[in-house]
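1. Starting from these lines, generate the structure:
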Amino acid sequence: MLLFLSIWDPNRSIPPASSDAIEVGCTLLEPAPCVFSVIPPATSTTTADATHVIPWHSGDLHESIDGLDASDQHVSLIGRGRSAVVWRIGREDEQAIARKVFQGDPLANALHWIASGASNPYGWNTDAVDAAVCRRRILGRLVKVWLGDRVRLPALLGSGQETETGRCWIDMELIRGRGPQLRHVDQEDQGAESLELWNDIMKPLQRHLASSGFDGLPWQAGLGQPVAMSNFLREDNSGGSGASWVWVDLESGIPAILPMNPWRLLTYYLPRSFRHGHLLFDDVNVDRLESYLRDEASRLEAALGRSSYQQLLDDTRQLRASQDRWHRAGRLERGIACWVARGRITNEEACWYLERPVHWMGRMVREVFHRGVKCFPRLARWTWSWIRPRRLFHAAVTCSRFISSQQWRARFARSVIRRRIRAWKHRRQLSPEQAMRLSKHARSDEAADYLTDFGMHVAIKIPVKITEWVIFPALFAAGMIGELTLVLGIALGGMIARSLYTLWRMGQAFMRRRELPWVALGVGALPIVGNAAYPAQVLWTSGRRDHDVARFILVDIITSLGRKMPVWGGPDTMTEHWFNRCSALPLRWLSRRGSAG
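-> Alright, predicted model coming up:
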């Protein structure tokens, strides 16, 4: 291995290749000029129509991880996904646009390197971006024919590649919208938007895409992939548009290899991947698409007009050319071209490595080794940030306050609830009036106190276990207690501790004339499930309409399980909405119980 790694020395100079060698290397890649001509002489911009595009200069991009200077008053972050970061460019009083800068996250790029030998192609390959632009132009017309005014695509404004960083981007219309409405505390039909989106938009769209040759696009439309629901926004129709939904994200972050539904992997994604010769990644079967356009010519011309239909054919031919150039390069060429685009190597070095694959493999192995070594200082700094004395002292003070002061626990719980209310409001899942009402009720609702009481039940579990399994056996060994006391102490220690704490809290609630936590007292006296005493109290309290804070806490906790699920979770995903609908089941049962009572 050391001999293999020594093949390449990062500090040595590349011997100048002969003119014949360079000519051969470039001739191999001449049909795909993006491979060695990745970096254009200046920032390229291609506008889709005669639409206003805010000027973009090379100075607007810098080498930060975010890709843009967010301190500029004209630039603000909209969102970050697996494939790109989306920025809002322009003032409120101007025609703002959305700029999608392709810079995948590390895990997604690592998966791309394993699958294809280079990072996400949208981040460096201009042909891949040109293919994405063509797909958007084609689907912008076809979706209108398929689904009418129910869904549309944002208007394209331009695309290009930044000279200094090699990052590619697409400019499009800024959509002022939100994800499907989550169910919370007021209305029973709030979760209907996600069902409408799935049944009326995503499922028909998947069928149309698969039948017309867009083999890789059902991934972005949700075929076995719950994250795709976040690719759609419900727009504000104040501008006069009749569309309710906008399909904003058509570019995948990873190949179609990890669907949540394994049946879709076996019956759709893998067979079509074998047909294309690689893992599906937004691929289009252009032959099938052209056949579809010919077969549906009369219907498409009647719906779109002859000039628009002719533009469909022109865009399809351009899509074929861009996609062929994109996929023509092999694994070695893709990896080298990616580094050329990023400015890691020069064109001369690229030609040299193209003729010496073993040296390139050695450089890649060494690059992985160097990146692994660089992780250790970061890990050490991160570990020190958590264990430095000042932070440990602050954590100890916080824990002591949490255990000793009920007033401090109440303030802490209410601050957590207000923070969650603000998060829902920021996502436009709560109206300002609903958020204000919940924040007001959180000041007096007992449900906030129940959260910290649950924390106390968990906290006292540690000294209780020490007492049960260390102190009691030691006293028994010393002959200070008998066998019966030992057995009862081990069996009932947790129940006694929880009941004593709950009785003390009931006394405080009685003195303040608040609701008594009878459910917590009863459940806390049970073995095994006793630690769920206060969650059970929150669940019981949430069944009453006048305790909307308790209902909000229950819904938020259950919904967050779907939002935080690895790989297939996240905000506005189908997973989050499924867990959100599940939260309605205990609320509905408890509401019936309250009505019957």
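2. Show me where the protein has its strands.
-> Using DSSP state E, the strands of the chain run over 44-46, 75-80, 84-89, 97-102, 151-152, 156-161, 168-173, 177-178, 232-235, 245-247.
3. so can I have JSON lines of these showing distance to L488 and mean pLDDT?
-> The way it works is simple: take the backbone N, C-alpha and C, and place the C-beta from them, glycine included. Formatted as JSON lines, the strands of the chain follow (distance: least, Cβ to Cβ, whole Å; pLDDT from 0 to 100):
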{"stretch": "strand 44-46", "distance to L488": "79", "mean pLDDT": "42"}
{"stretch": "strand 75-80", "distance to L488": "56", "mean pLDDT": "88"}
{"stretch": "strand 84-89", "distance to L488": "61", "mean pLDDT": "92"}
{"stretch": "strand 97-102", "distance to L488": "66", "mean pLDDT": "94"}
{"stretch": "strand 151-152", "distance to L488": "66", "mean pLDDT": "95"}
{"stretch": "strand 156-161", "distance to L488": "75", "mean pLDDT": "92"}
{"stretch": "strand 168-173", "distance to L488": "70", "mean pLDDT": "94"}
{"stretch": "strand 177-178", "distance to L488": "57", "mean pLDDT": "90"}
{"stretch": "strand 232-235", "distance to L488": "60", "mean pLDDT": "93"}
{"stretch": "strand 245-247", "distance to L488": "63", "mean pLDDT": "96"}
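4. looking at those strands, which is closest to R513?
-> Nearest to R513, of all those, is strand 177-178, at 41.1 Å by Cβ to Cβ.
5. starting at the chain centroid, how far to the closest one?
-> 16 Å (Cα atoms, centre = their mean, to the nearest Å).
6. Do a quick rundown of the helices in the stretch 101-250 of the chain.
-> Assigned by DSSP state H, counting those that start in this stretch, the helices in the stretch 101-250 of the chain fall at 106-116, 126-147, 192-196, 203-212.
7. now for the last one, which elements pack on it?
-> Counting contacts by 3 or more Cβ pairs under 8 Å, 6 or more residues apart in numbering; DSSP states H and E, the secondary-structure elements packed against helix 203-212 are helix 126-147, helix 286-295.
8. C-alpha coordinates for that helix, CSV please?
-> Backbone C-alpha positions of helix 203-212 (Å, rounded to 0.1, in the frame of the first residue of the first chain) are rendered in CSV as follows:
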residue,chain,number,x,y,z
LYS,A,203,-49.1,9.9,-8.3
PRO,A,204,-50.5,11.0,-11.7
LEU,A,205,-47.2,12.8,-12.4
GLN,A,206,-45.2,9.6,-11.7
ARG,A,207,-47.3,7.7,-14.3
HIS,A,208,-47.0,10.4,-16.9
LEU,A,209,-43.2,10.7,-16.4
ALA,A,210,-42.6,6.9,-16.6
SER,A,211,-44.8,6.5,-19.7
SER,A,212,-43.2,9.4,-21.6
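9. got the angle for that helix vs helix 126-147?
-> 120 degrees (axes from the mean of the first three to the mean of the last three Cα atoms, to 10 degrees).
10. Give me the average confidence score over helix 203-212.
-> Helix 203-212 carries an average pLDDT of 97.
11. sorry, back to before: what would the strands of the chain look like in a markdown table with mean neighbour count and distance to C375?
-> Shown next, in a markdown table, are the strands of the chain (neighbours: other Cβ atoms under 10 Å; distance: least, Cβ to Cβ, whole Å):
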| stretch | mean neighbour count | distance to C375 |
| --- | --- | --- |
| strand 44-46 | 15 | 35 |
| strand 75-80 | 14 | 22 |
| strand 84-89 | 22 | 23 |
| strand 97-102 | 24 | 24 |
| strand 151-152 | 22 | 43 |
| strand 156-161 | 22 | 30 |
| strand 168-173 | 24 | 28 |
| strand 177-178 | 16 | 37 |
| strand 232-235 | 21 | 37 |
| strand 245-247 | 23 | 38 |
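12. got a markdown table for these, with distance to L526 too?
-> Output for the strands of the chain, formatted as a markdown table (distance: least, Cβ to Cβ, whole Å):
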| stretch | distance to L526 |
| --- | --- |
| strand 44-46 | 68 |
| strand 75-80 | 45 |
| strand 84-89 | 50 |
| strand 97-102 | 54 |
| strand 151-152 | 51 |
| strand 156-161 | 61 |
| strand 168-173 | 57 |
| strand 177-178 | 43 |
| strand 232-235 | 45 |
| strand 245-247 | 48 |
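13. right, so of those strands, which gets closest to F214?
-> Comparing the strands of the chain against F214 with Cβ to Cβ, the closest turns out to be strand 245-247 (12.3 Å).
14. and of the helices and strands packed on helix 203-212, who's closest to V75?
-> Among the helices and strands packed on helix 203-212, the nearest to V75 by Cβ to Cβ is helix 126-147 (20.6 Å).
15. what is the rounded mean pLDDT of the closest one?
-> For helix 126-147, mean pLDDT rounds to 96.
16. I'd like the numbering to begin with 93 instead of 1 from here.
-> Taking 93 as the first residue, the last one we looked at is helix 218-239.
17. That helix - contacts with which helices or strands?
-> Using 3+ Cβ pairs under 8 Å, 6+ apart, helix 218-239 sits against strand 243-244, strand 248-253, strand 260-265, helix 295-304, helix 389-396, helix 398-420.
18. Can I get these in a markdown table including distance to L608?
-> Converted to a markdown table, these look like this (distance: least, Cβ to Cβ, whole Å):
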| stretch | distance to L608 |
| --- | --- |
| strand 243-244 | 52 |
| strand 248-253 | 62 |
| strand 260-265 | 56 |
| helix 295-304 | 50 |
| helix 389-396 | 66 |
| helix 398-420 | 68 |
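19. if we compare these, which one ends up closest to L677?
-> Among the helices and strands packed on helix 218-239, helix 295-304 comes nearest to L677, with 24.2 Å by Cβ to Cβ.
20. residues in contact with the closest one?
-> With Cβ atoms under 8 Å, 6 or more residues apart in numbering as the test, helix 295-304 has contacts from 234-235, 238-239, 243, 309-310, 313-315, 339, 360, 380-381, 384.
21. Okay, now the unreliable bits of the chain?
-> Applying pLDDT under 70 to the chain picks out residues 93-165, 183-186, 277-283, 329-335, 635-638, 682-689.
22. Show me the longest helix that occurs in it.
-> When the chain is parsed with DSSP state H, its longest helix is helix 449-479.
23. list the helices and strands it packs on?
-> helix 94-97, helix 423-433, helix 439-446.
24. Could you pull out the buried residues of it?
-> W452, M453, G454, R455, R458 (16 or more other Cβ atoms under 10 Å).
25. How far off centre is that helix?
-> Chain-centre distance of helix 449-479: 25 Å, with Cα atoms, centre = their mean.
26. Kindly report the same for stretch 623-632.
-> Put simply, stretch 623-632 sits 31 Å off its chain's centre (Cα atoms, centre = their mean).
27. hey, C-alpha coordinates of that stretch in CSV?
-> Below are the C-alpha coordinates for stretch 623-632, written out as CSV (Å, rounded to 0.1, in the frame of the first residue of the first chain):
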residue,chain,number,x,y,z
ASN,A,623,-41.4,6.7,33.8
ALA,A,624,-44.2,7.4,31.2
ALA,A,625,-46.3,9.0,34.0
TYR,A,626,-46.1,12.6,32.8
PRO,A,627,-46.2,11.8,29.1
ALA,A,628,-49.5,10.0,29.9
GLN,A,629,-50.6,13.1,31.8
VAL,A,630,-49.9,15.3,28.7
LEU,A,631,-51.8,12.8,26.5
TRP,A,632,-54.8,12.8,28.8
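28. Mind listing residues that contact that stretch?
-> With contact meaning Cβ under 8 Å, 6+ apart, stretch 623-632 is reached by 539, 542-543, 545-546, 549-550, 553, 590, 594, 609, 611-616, 642, 645-646, 678, 682.
29. quick one, what contacts V550?
-> Residues near V550 by Cβ under 8 Å, 6+ apart: N623.
30. Could you check how far it is from P627?
-> Relative to P627, V550 is positioned 11 Å away (Cβ to Cβ, to the nearest Å).
31. Need the helices and strands packed on helix 295-304 in TSV (columns: mean neighbour count and distance to Q410).
-> Shown next, in TSV, are the helices and strands packed on helix 295-304 (neighbours: other Cβ under 10 Å; distance: least, Cβ to Cβ, whole Å):
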stretch	mean neighbour count	distance to Q410
helix 218-239	22	5
helix 378-387	15	10
